Structures are given as structure tokens and as C-alpha cells.
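>>> all I have is the shape, not the residue letters:
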């Protein structure tokens, strides 16, 4: 019998994937329609000389494409758990799926913050456009490129928020289910060969722990510097133009990435340094680092410049620096994720050994805490037996 957790996870992922595919083809169709109704100078939609609205539409389409691919890859850890014949329902696989689903939800949160409209003038422009629309002919009214872009971003933003909340809730349920499962794969460490393997596994864990400290600290520092630079540029001479081009979205998104990175860093240290969560934590680390690399790659795409410094460059130098930094950070986290997968058995062995030691220490402490029972003799009864 299929569990309710499996049904809910598969349904939420299928719903997210279907929604993203529909939005992608809708956006792509609007890009091609805009090209057919565009200039007569023979420019094609793939030309680098793009207007700001065309750049934004192209980024929205690429964002939806990679979000759909990321959601589609969630079925891989699902099959490892709920496959009819080969599925293994254990703490490690549930940890991988929980971290992957959680960061896939954060990808959708990034899409929401990027597509959200924080400009105060948009409401006034919308009201003026609605008045003109009411005074004119309803059948002959057509939105211009800027209005169409704002409409697309509004739809994508709302859909991303709903899907992000759904995937985040599912990830919490998966993590809770994994935490309730008992630890499996205990072994006897008294054997000399097992002791040698355990020492080697502890060395691998220490190495990855040091690497994680450096990588997470560099990521936090880079995002903090980018946030400070973006704040400084938004208060400069071109502040009004940058606010119109989405600098507020960049600031909000950088704050969100700092918070997410801090959370990932803390959980990673608890897994590698303090060795908490056992094999569930190893699964969280394995799936979390991979999907965090995908999250950074999506941020890189969103703030990339298709014109490579052309006259219609949008976002300014802060956006370009964010794109480049996120691209290289994505490669670094991807390399770390591949390393954890290569030495996955060693890390899991060390995590199990730590869990066994913690359990043994807990049992020993409970035995010490138990009060000793005192035997009380009853001399009266002994005296009576002697008299008889």
C-alpha cells in the first residue's frame, strides 16, 4: 500500500512540474509572437541586440526551463525510496529527498523574489492604463511590451510563491518521517579491520568538515560584499534608473540568499563537525549541496546579461557581479557535492559509528542514574521462624 507521504510528494512534484512547463511554453510563445510583430529590419529573436523587455522575457523563460528541470530531477530520489521492487525506505534516502525538495522550493522562492514588482510607480501606471482601456474599445486594446512583461512577471511570481510553499511543506514532512526511523547498519567496531576502516572514515569526515568551513564562509562573505555594493550603487547618481531596472529585487534576493546560505552552513557544520542526525544528516548533506549548487546556478542565470555589456544592459554592475560570483560558487559547491558522493560510504560509516557511541553513552548514563535497590531484612520474622 502506498503511503500518504509518497502520494503527497509525487502529487506536489507533478503539479509543480506541470505548472512550470505550461508557464515556460506560454512565455516562449509570447517571445516568438513579439518577434513576429517586431521591427522589419530582419532581426531575429536570438540576436544579442535585445531590448530590456526582451532580455527580461528571455530570462523568465530560461528560469522556468531550469526550474522545470530541477523539479523533474526530484523523481530520482523518489524512485530510490518508493520504487516497487528496488526502493529502500531508510533515513539516508529520506534525507536526500528532504534536502532536495527544500532547496527546490528555495529555487521557486528566488524566482518569486526576482519576478516580484517592488516599484511603486507600477500601480499608478496600471491605473492610468485601466482608465484608458475603459475609455477605449475593449476589442482593439492590446498591451505593449512593458505591460506584457509586467503581466508575465506577476503570473510567474504568484505561481512560484504557491509552488515554493507547497514544496517546503512537503520537505518538512519528509524530514519528520526520516527522523522517526531507527538507525540501521550497526556494526561491531571491535574487529581490527573495522577499526582501521573507521579511522579512515573519520579522516575523510574531518577533511570534508574543513572544506565545508572554508566554502561556506567564502559564500557568506561574497554575498555580504555583493549586498553592500548593491546598496551603495542603489544610493548613487543612477539610483532612480537602477531601481526601475530591478535593483530592489536584487537587494531582496541577496538578503534571501544570505539567510539560506547561513542555514545551510549551520546544518552542514552540525552534520560534519558535531555529527548529528546520523545517516539522515549524510543524506541531507548529499542532496542539499547538489541542489544548493543548482540554486546558485539559477541566480547566475537570472542576473546574467545576454547583451554582454550592450546598450540595453539591465541591472548594472551589481547584477553582473552577482551573476559571475554565483556561477563560480555553483561550480565549487557542485565539486563538493560530487566529493561527498564519492566518499559517501566512509561518511555514512563514521556517522553510524558516532550514533552507536552516542547510544551506548546514553545507555551507560541511564544505568548510572538508576537508584540502587536496598534489601531490608525483617528480624521479627526470622525470630518467629526460630521459635517455631
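Okay, I see it. From a predicted model like this one, the values you see are computed outputs, not experimental measurements.
>>> assign residue 305 to helix, strand or coil.
Secondary structure, DSSP: H, G, I helix; E, B strand; the rest coil: residue 305 is coil.
>>> report how many residues lie close to it.
By other CB atoms under 10 Å, 19 other residues sit near residue 305. From N, CA and C alone the C-beta is placed, and that goes for glycine too.
>>> now stretch 73-82: buried residues?
73, 74, 77, 78, 80, 81, 82 (16 or more other CB atoms under 10 Å).
>>> same check, this time on stretch 291-305
For stretch 291-305, the neighbour count (16+ other CB under 10 Å) marks 291-300, 302-305 as buried.
>>> average pLDDT for it, rounded please.
Averaging pLDDT along stretch 291-305 yields 90.
>>> could you do stretch 109-128 as well?
Taken as a whole, stretch 109-128 has an average pLDDT of 68.
>>> show me the shaky parts of the stretch 201-350 of the chain.
Applying pLDDT under 70 to the stretch 201-350 of the chain flags the ranges 201, 236-246, 306-315.
>>> switch to 50 and redo it
Within the stretch 201-350 of the chain, the stretches with pLDDT under 50 are 308-313.
>>> can I get the buried residues of stretch 291-305 in a markdown table including secondary structure?
A markdown table is the format used below for the buried residues of stretch 291-305 (three-state DSSP):
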| residue | secondary structure |
| --- | --- |
| 291 | helix |
| 292 | helix |
| 293 | helix |
| 294 | helix |
| 295 | helix |
| 296 | helix |
| 297 | helix |
| 298 | helix |
| 299 | helix |
| 300 | helix |
| 302 | helix |
| 303 | coil |
| 304 | coil |
| 305 | coil |
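>>> run a quick neighbour tally on residue 234.
18.
>>> what are the buried residues along stretch 325-335?
Applying 16+ other CB under 10 Å to stretch 325-335 flags 325, 326, 327, 329, 330, 332, 333, 334 as buried.
>>> hmm, who's touching it?
Applying CB atoms under 8 Å, 6 or more residues apart in numbering, the contact partners of stretch 325-335 are 215, 218-219, 222, 226, 289-290, 292-294, 296-297, 299-300, 303.
>>> quick one: which two of the residues you listed are the most distant?
When CB to CB is used, the two most widely separated members of the contacts of stretch 325-335 are 226 and 290, lying 23.0 Å apart.
>>> other SSEs contacting the helix or strand residue 56 falls within?
Residue 56 belongs to helix 52-73 when assigned by DSSP states H and E. If contacts are counted by 3 or more CB pairs under 8 Å, 6 or more residues apart in numbering; DSSP states H and E, helix 52-73 sits against helix 4-36, helix 91-115, helix 145-180, helix 279-302.
>>> by how many degrees do it and helix 279-302 diverge?
Using axes from the mean of the first three to the mean of the last three CA atoms, to 10 degrees, the direction of helix 52-73 lies 160 degrees away from that of helix 279-302.
>>> so helix 52-73 versus helix 145-180, what angle?
Using the same axes, to 10 degrees: helix 52-73 against helix 145-180 is 20 degrees.
>>> for helix 52-73, buried residues please.
Neighbour-count burial for helix 52-73 [16+ other CB under 10 Å]: 52-68, 70-71, 73.
>>> could you point out which element follows that helix?
Following helix 52-73 in sequence, per DSSP H and E, is helix 75-82.
>>> packing partners for that next one?
helix 4-36, helix 91-115.
>>> can I get those helices in JSON lines with distance to residue 147?
Formatted as JSON lines, these follow (distance: least, CB to CB, whole Å):
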{"stretch": "helix 4-36", "distance to residue 147": "12"}
{"stretch": "helix 91-115", "distance to residue 147": "15"}
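>>> any idea which of those is most buried?
The highest mean neighbour count among those, using mean count of other CB atoms under 10 Å, belongs to helix 91-115: a mean of 26.
>>> give me the subset of the buried residues of stretch 325-335 lying in helices.
The helices, defined by DSSP state H, take in 325, 326, 327, 329, 330, 332, 333, 334 from the buried residues of stretch 325-335.
>>> can you list those residues in a markdown table and add distance to residue 18?
Compiled in a markdown table, those are given as follows (distance: CB to CB, whole Å):
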| residue | distance to residue 18 |
| --- | --- |
| 325 | 33 |
| 326 | 28 |
| 327 | 29 |
| 329 | 31 |
| 330 | 27 |
| 332 | 33 |
| 333 | 29 |
| 334 | 28 |
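>>> just to revisit the earlier point, of the buried residues of stretch 325-335, closest to residue 159?
The nearest member of those to residue 159, counting by CB to CB, is residue 326 at 23.0 Å.
>>> for residue 73, give me its contacts.
Applying CB under 8 Å, 6+ apart, the residues contacting residue 73 are residue 100.
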